[in-house]
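J.: Quick one: sequence plus predicted model below, questions after.
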Protein chains: 2
Amino acid sequence: MVTLLDVAKKANVSKMTVSRVINHPEQVTDELRELVEQAMQELNYQPNYVAQALVNNRTNVVKFVTLEDIDTTEPYYMNLLFGIAQGLSKKQYAIQLVTDRKQIKEGNFDGYLITGARSSDYSLFDELAKPFVLFGENHRGFDFVDNNNQLGGEIATKYALSRLYRNVIFIGIDVREPFEVSRETGYVNTLQQNKLIPQIYRIPNHSHAAQKIIKENLGKFHHDTCFVCASDRIAIGVVRQLLNEGAKVPEDFGVIGYDGVFLDQVSNLKLTTVKQPIFAMGELLAKMLLQKIEQDGSPQGEAMLKPKLIRRQSTR
Amino acid sequence: MVTLLDVAKKANVSKMTVSRVINHPEQVTDELRELVEQAMQELNYQPNYVAQALVNNRTNVVKFVTLEDIDTTEPYYMNLLFGIAQGLSKKQYAIQLVTDRKQIKEGNFDGYLITGARSSDYSLFDELAKPFVLFGENHRGFDFVDNNNQLGGEIATKYALSRLYRNVIFIGIDVREPFEVSRETGYVNTLQQNKLIPQIYRIPNHSHAAQKIIKENLGKFHHDTCFVCASDRIAIGVVRQLLNEGAKVPEDFGVIGYDGVFLDQVSNLKLTTVKQPIFAMGELLAKMLLQKIEQDGSPQGEAMLKPKLIRRQSTR
DNA sequence: TTGTATGCGTTATCAC
DNA sequence: GTGATAACGCATACAA
């Protein structure tokens, strides 16, 4: 392993000069700096992050805590993780994945990225002794990254109206969590701006629940309705049952999903959906946490990235 | 932070004694050992893995390298990752996720876990300066963990025959990679043992390709056929198209998938499938790598875990 | 501007 | 069996 000392010898300087070239290049003369940089090049010097971490009382490790049950069919988290990894890579941070709550406080690490948090988990956060950032909207003042759920609800609803579906119905998830409330709000606001009456169903987040609701209520729906759904799973169930019933999609019924997880591999129809910039969200999440760690836990605020409507085959 | 020295003071011993209690407890008298252990308890001492890593010339970090395209990554990767995390957690190792090949050699780390490797990647491995273990069967002598693909092919085929489908057709993936060849071999061997003639189609790993092959060939298939598929994706496409064509599943046509990724959320029918013990595979992968690191790169061999047939609704 | 000394927390080595 | 000391690679404080 090439160390500071090796570089120092080659450049005929002390190792402090080498250290400074790396951390405070402005404090060293151009001449020496170039000499040192050349020596680093030639020796292919790679700083030892472990030694750095030890002096700085850091570990270069963050915990990624998943509080909900992971449903492996969602490519979603994998993308999030890759985004996080990207955000961490510049400072050479590594990840410990945590699903067991007992492991939350174990070992050495510098902070947390937390996902799948429900309101009932908020009390847990007060106990955490290290900086953390949540993945997912909350209104308790905890730093977070999310997509702008309200905007997403608006985008979907506005698009449905622009496609001239006469009715726009929201099929939400039956949890009163902020992300759901915000998506609904986006829908409701848009309808009211257009002097239309909101109509909301709330069901479990499974395609089968969505199929059921369509099956039971299809008679009630006009043949000119767009369903704005709170998730792609729900949307897929809606589409499937509509097709099962012989309804025409997208001509008579439109369907818009949420998440932007493309399940084309397994779904009948390419779904129009509100896509979250998952990778970018993961990257930002990581950067916020690293900054928070560096700033000794100072608040980073709330970051809501813009979702984007992807027009595909389930709307006309 | 509580250090060895803090514990030593409390127990009125030197820090070396404390260190020994942790690493070589047999070298210290029972009396002192208990004293030290009590002090550790009271102070809630947690060893500093960074300091350990520094002195051991380790980093406590491994790279998880995904060589295939993120978009095509299988849904089971998330489970794999959690299995890996579990296997790493005992030694408090952390993960760096790598998708960009440029990052493969960057930074400090102790070894690699590599997934998505194709034959064309093998040359890359010879350049790696650190220990690695592959996720996925190979016959070049690289240490790996996989499920027993040949056994999986056998299990599926035997089950199809036991359900008295008169014909059993294999729908494979059109790559000549070891996992695919092995699955096919399991199928072929089983058919030949039963004096039946193998019939194999090879298509891209997409449900749409599977739909196409069924659509184009349905006329040729007897109404008493079971399709043994090389992936769940393919199986889902087969089921969907069979249903589209009005065929009876599972009565006239059986379908068996491979992977055990339950896509119930989005599929019409609960798939009979060969399930790999993904989590356990991840855990083993991690343990093999840790051992290999500890043993300075000594070969760990090949580990093939048993897949398991999950009987569900796509077979009679 | 540059170099020297010291310490981060742990473990191995060698005395006692 | 136990303790003092040096070392891992780096960065901060201080001296030159």
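T.: Yep, that arrived.
J.: Check what pLDDT the nearest residue to residue A:287 once chain neighbours are set aside gets.
T.: Distances taken as C-beta to C-beta, 6 or more residues apart in numbering or on different chains put residue A:87 closest to residue A:287, at 4.8 Å, once the chain neighbours are dropped. Where you see a C-beta, it was placed from the backbone N, CA and C, and this is true even at glycine. As predicted, residue A:87 sits at a pLDDT of 97.
J.: Please tell me how far residue A:87 sits from residue B:285.
T.: From residue A:87 over to residue B:285 the distance is 25 Å, taken as C-beta to C-beta, to the nearest Å.
J.: likewise residue A:298?
T.: 39 Å.
J.: Pick out whichever of these two has more residues nearby.
T.: residue B:285 (28 against 12; other C-beta atoms under 10 Å in any protein chain shown).
J.: Contacts only, for that one.
T.: B:80, B:83-84, B:87, B:113, B:133, B:135, B:145 (C-beta atoms under 8 Å, 6 or more residues apart in numbering or on different chains).
J.: Would you format these as CSV with neighbour count and secondary structure included?
T.: Shown next, in CSV, are the contacts of residue B:285 (neighbours: other C-beta atoms under 10 Å in any protein chain shown; DSSP: H, G, I helix; E, B strand; the rest coil):
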residue, neighbour count, secondary structure
B:80, 24, helix
B:83, 23, helix
B:84, 28, helix
B:87, 23, helix
B:113, 26, strand
B:133, 26, strand
B:135, 23, strand
B:145, 28, strand
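J.: Lowest-confidence entry in the residues you listed?
T.: Of all those, residue B:80 carries the smallest pLDDT score, 93.
J.: what residues are up against the nearest residue to it once chain neighbours are set aside?
T.: When the adjacent residues along the chain are set aside, residue B:80 lies closest to residue B:282, with 4.3 Å between them (C-beta to C-beta, 6+ apart). When contacts are counted by C-beta under 8 Å, 6+ apart, residue B:282 is found next to B:79-87, B:135.
J.: Need those in CSV (columns: distance to residue A:152).
T.: Formatted as CSV, these follow (distance: C-beta to C-beta, whole Å):
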residue, distance to residue A:152
B:79, 28
B:80, 30
B:81, 28
B:82, 28
B:83, 33
B:84, 33
B:85, 31
B:86, 34
B:87, 38
B:135, 36
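J.: quick one: secondary structure of residue A:176?
T.: State at residue A:176, reduced to three classes by DSSP: H, G, I helix; E, B strand; the rest coil: coil.
J.: if you look at stretch A:26-39, does any of it touch DNA strand D?
T.: No - using C-beta under 7 Å from any atom of the strand, stretch A:26-39 never reaches DNA strand D; the gap is at least 9.3 Å.
J.: which parts of that stretch are buried?
T.: Buried residues in stretch A:26-39, counted by 16 or more other C-beta atoms under 10 Å in any protein chain shown: A:28, A:32-33, A:35-37, A:39.
J.: Report whether that stretch contacts DNA strand C.
T.: Yes - Stretch A:26-39 is in contact with DNA strand C by C-beta under 7 Å from any atom of the strand, via A:27-29, A:31-32.
J.: Contact residues of the stretch 1-150 of chain A facing DNA strand C?
T.: When proximity is defined as C-beta under 7 Å from any atom of the strand, the stretch 1-150 of chain A approaches DNA strand C at A:13-17, A:20, A:27-29, A:31-32, A:51, A:54-55, A:57.
J.: Could you work out the most separated pair of those residues?
T.: Within these, two members stand farthest from each other by C-beta to C-beta: A:31 and A:57, at 34.3 Å.
J.: Any stretches of the stretch 51-200 of chain A with poor pLDDT?
T.: A:70-75 (pLDDT under 70).
J.: So which residues on it come close to DNA strand D?
T.: Counting by C-beta under 7 Å from any atom of the strand, the stretch 51-200 of chain A sits next to DNA strand D at A:51-52, A:54-56.
J.: Among those residues, which one sits closest to residue A:313?
T.: residue A:52 (51.8 Å).
J.: Helix or strand next in line after the strand or helix carrying the closest one, which one?
T.: Assigned by DSSP states H and E, residue A:52 belongs to helix A:49-55. Using DSSP H and E, the helix or strand that follows helix A:49-55 in sequence is strand A:61-66.
J.: Could you list the paired strands of that next one along with their orientation?
T.: Sheet pairing of strand A:61-66 (DSSP bridges) gives strand A:94-98 (parallel), strand A:111-115 (parallel).
J.: In JSON lines: these, plus distance to residue A:189.
T.: Converted to JSON lines, the strands paired with strand A:61-66 look like this (distance: least, C-beta to C-beta, whole Å):
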{"stretch": "strand A:94-98", "distance to residue A:189": "37"}
{"stretch": "strand A:111-115", "distance to residue A:189": "27"}
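J.: Mind giving me the ChimeraX select for the residues of the stretch 51-200 of chain A next to DNA strand D, buried ones only?
T.: Those of these that count as buried under 16+ other C-beta under 10 Å are selected in ChimeraX with:
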select /A:51,52,54
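J.: just to revisit the earlier point, does the residue nearest to residue A:287 really touch residue A:284, like I thought?
T.: Yes - using C-beta atoms under 8 Å, residue A:87 is in contact with residue A:284, at 6.8 Å.
J.: Could you give the number of residues near the nearest residue to residue A:155 once chain neighbours are set aside?
T.: Nearest in space to residue A:155, with sequence neighbours left out and distances taken as C-beta to C-beta, 6+ apart, is residue A:309 at 5.0 Å. Neighbourhood size, residue A:309 [other C-beta under 10 Å]: 17.
J.: Fine by me, we can end here.
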